[in-house]
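**Q** any chance you can model this:
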Amino acid sequence: MEKRRQKRLRAHIKEFVLPPITDGLVLGRASPIGHVAVGRALSLLSTTAFEHIEIDDDVISDILIRKAILRKIPAAELKTFILDEIKPAMGAEEILHLALEVELFVDQKLG
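**A** Numbers count the residues shown, from 1 in each chain. Sure thing, here's the model as predicted:
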């Protein structure tokens, strides 16, 4: 019987972008780093303004979200969305990256 071994190395390479967070982070209650440390790092790495939203929950402790997002979606609605849709797939030890697509539709009759 002949043994064969193969080695394969696959790399996915892309440019490091600042800030390293697109739209926000969801921090688990037992995550290895807290919102204060992440907020400080973001303020050093980027001029983009982020807002801290505290969550009173057993899994999620905090959300750091771009202020521009909160101009389109109220914090309470975002909080509800994250608790309803993201929390079920999240562990308390995790930090999840958010990339959000927000669309606003305006319909106004003129005249």
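**Q** every contact and neighbour count from this point should use C-alpha atoms.
**A** Fine.
**Q** pull out the buried positions in the longest helix that the chain contains.
**A** For the chain, the longest helix by residue count, based on DSSP state H, is helix 35-45. Residues of helix 35-45 classed as buried: 35, 39, 42 (neighbour count, 16 or more other C-alpha atoms under 10 Å).
**Q** just the CA coordinates for that helix, please, in CSV.
**A** Extracted in CSV, the C-alpha atoms of helix 35-45 (Å, rounded to 0.1, in the frame of the first residue of the first chain):
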residue,chain,number,x,y,z
HIS,A,35,-16.4,48.4,24.6
VAL,A,36,-14.1,50.9,26.3
ALA,A,37,-10.9,49.3,24.9
VAL,A,38,-12.5,48.8,21.5
GLY,A,39,-13.7,52.4,21.5
ARG,A,40,-10.2,53.7,22.3
ALA,A,41,-8.7,51.6,19.6
LEU,A,42,-11.2,52.9,17.0
SER,A,43,-10.6,56.5,18.0
LEU,A,44,-6.9,56.0,17.4
LEU,A,45,-7.4,54.2,14.0
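**Q** so which elements touch that helix?
**A** strand 60-66 (3 or more C-alpha pairs under 8 Å, 6 or more residues apart in numbering; DSSP states H and E).
**Q** all helices for this protein, in order.
**A** 35-45, 67-70, 75-81.
**Q** right, and Asp62 touches Gly24 too?
**A** No. The pair Asp62 / Gly24 is not scored as a contact, 10.5 Å apart, by C-alpha atoms under 8 Å.
**Q** who touches the helix or strand bottoming out on mean pLDDT in the chain?
**A** Using mean pLDDT, DSSP states H and E, helix 35-45 stands out as the lowest-scoring helix or strand of the chain, at a mean of 91. By C-alpha atoms under 8 Å, 6 or more residues apart in numbering, the residues outside helix 35-45 that reach it are 18-19, 27, 49-50, 52, 62-64.
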